[in-house]
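[1] Using only what follows, build the 3D model:
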Amino acid sequence: MKNVKQEALLWVQLGGFVAIWAVVLYLTGTELAINWEAVKKLPDVVTVYVVLTFVFTKWLWKLPIFRGWLVPFPNLQGTWEGELKSTWTNPETGQVIPAIPAVVVVRQTFSSVSCTLFTEESESYSTAAQISLDEESGALHLNYNYTNRPRATLRHRSTIHDGAARLRIVTVPERSLVGEFWTSRCTAGDISLKFKTRKLLEKFPSQQTR
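    Modelled structure (predicted):
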């Protein structure tokens with residue numbers, strides 16, 4: 001995942017370091033000039049710079065003010081609700097299943113992202129995930145590989161399998177994830193999700209009250 005725009009980052013780092021140095025010199029009553037007394041304050045400047053970098057990568061990157069010009073990807077963390085439609089055929093009936101409700105929980109930090117998908121019958125956990133940007137179209141995608149584990153009582157007809165998904169990140173007119181998936185069972189399908197809440201669910205919604 002490309003976390004920042006490198007050219008913008010270079011200027012932010014340089015300008016930020018100089019600004020911190022100037023503030024440290026001012027607060028310590030040191031002359032604002034390049035001399036030995038100013039150089040001796042560099043350890044303090046580095047400490048402040050490291051702390052601010054930590055704060056940025058932990059929390060500040062999520063702020064809209066940094067979106068686009070510095071941080072190229074959006075904050076997707078939260079619960080997304082919608083449905084998925086698969087080409088999988090139920091071996092007991094020979095019929096393609098209709099669209100089923102699904103929930104995707106996205107956990108995201110500055111440097112990583114992971115996805116968990118819940119349905120009434122199974123759970124999927126990402127093994128690798130990233131947000132990609134198409135430089136020409138500007139389209140953002142959430143891509144991830146996953147392992148799906150159906151409930152044990154259903155594995156006679158729905159086996160554990162691996163798969164991959166590619167979801168387009170849409171922000172206008174409403175926040176949504178739309179795309180498709182493929183599985184090692186030689187099936188595929190469509191996924192359509194809308195952002196629901198920042199709360200990270202741990203089960204399919206209907207299971208919350210069981």
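[2] okay, CA-based contacts and neighbour counts for the rest of this
    Will do.
[3] can you give me the helices for the chain?
    Per DSSP state H, the chain carries helices over the ranges 6-27, 36-39, 42-58.
[4] Of all the ones you listed, which one comes closest to residue 184?
    helix 42-58 (35.9 Å; CA to CA).
[5] tell me the angle that closest one makes with helix 6-27.
    130 degrees (axes from the mean of the first three to the mean of the last three CA atoms, to 10 degrees).
[6] Pull the residues that contact helix 42-58.
    16, 17, 20, 21, 24, 109, 110 (CA atoms under 8 Å, 6 or more residues apart in numbering).
[7] what about the first one, distance to residue 176?
    Counting by CA to CA, to the nearest Å, the gap from residue 16 to residue 176 is 35 Å.
[8] ok, those two, which is more surrounded?
    residue 176 (20 against 14; other CA atoms under 10 Å).
[9] so what's the more buried one up against?
    Contacts of residue 176 (CA under 8 Å, 6+ apart): 80, 169, 170, 192, 193, 194, 195.
[10] Buried only: go through those residues for me.
    Neighbour-count burial (16 or more other CA atoms under 10 Å) is assigned, among these, to 80, 169, 192, 193, 194, 195.
[11] Please report how far the second one lies from residue 99.
    Between residue 169 and residue 99 the distance, using CA to CA, works out to 21 Å.
[12] what do you get for the fourth one?
    Residue 193 sits 12 Å away from residue 99, going by CA to CA.
[13] joint contacts of the two?
    Joint contacts of residue 193 and residue 99 (CA under 8 Å, 6+ apart) are residue 83.
[14] Outline the domain layout of this protein.
    What the record gives for the chain is the domain set 6-66, 78-207, from automatic domain parsing.
[15] quick revisit: nearest to residue 132, out of the helices of the chain?
    So among the helices of the chain, helix 6-27 is nearest, using CA to CA, at 15.3 Å.
[16] Just the mean pLDDT for the closest one, thanks.
    The average of the pLDDT scores along helix 6-27 is 83.
[17] ok, and for that helix, which residues are buried?
    17, 20, 21, 22, 24, 25.
[18] Residues contacting that helix, please?
    31, 32, 38, 41, 42, 44, 45, 48, 49, 69, 70.
[19] what do you get for stretch 125-137?
    By CA under 8 Å, 6+ apart, stretch 125-137 touches 1-2, 73, 112-117, 139-148.
[20] Sort out which of those residues are buried, if you could.
    73, 113-117, 140-148.
[21] mind listing the strands for the protein?
    78-86, 100-108, 113-118, 122-133, 140-150, 161-170, 176-183, 188-197 (DSSP state E).
[22] how about the fourth one: buried residues?
    Buried residues in strand 122-133, counting neighbours by 16+ other CA under 10 Å, are found at 122, 123, 124, 125, 126, 129, 130, 131, 132.
[23] nearest to residue 62, of those?
    residue 131 (14.8 Å).
[24] Per-residue confidence, the closest one, what does it come out as?
    With respect to pLDDT, residue 131 scores 95.
[25] Give me the nearest residue to it, chain neighbours excluded.
    Once flanking residues are discounted, residue 131 sits nearest to residue 142: 4.6 Å by CA to CA, 6 or more residues apart in numbering.
[26] I'd like the distance between the one you found and residue 106.
    According to CA to CA, residue 142 and residue 106 sit 10 Å apart.
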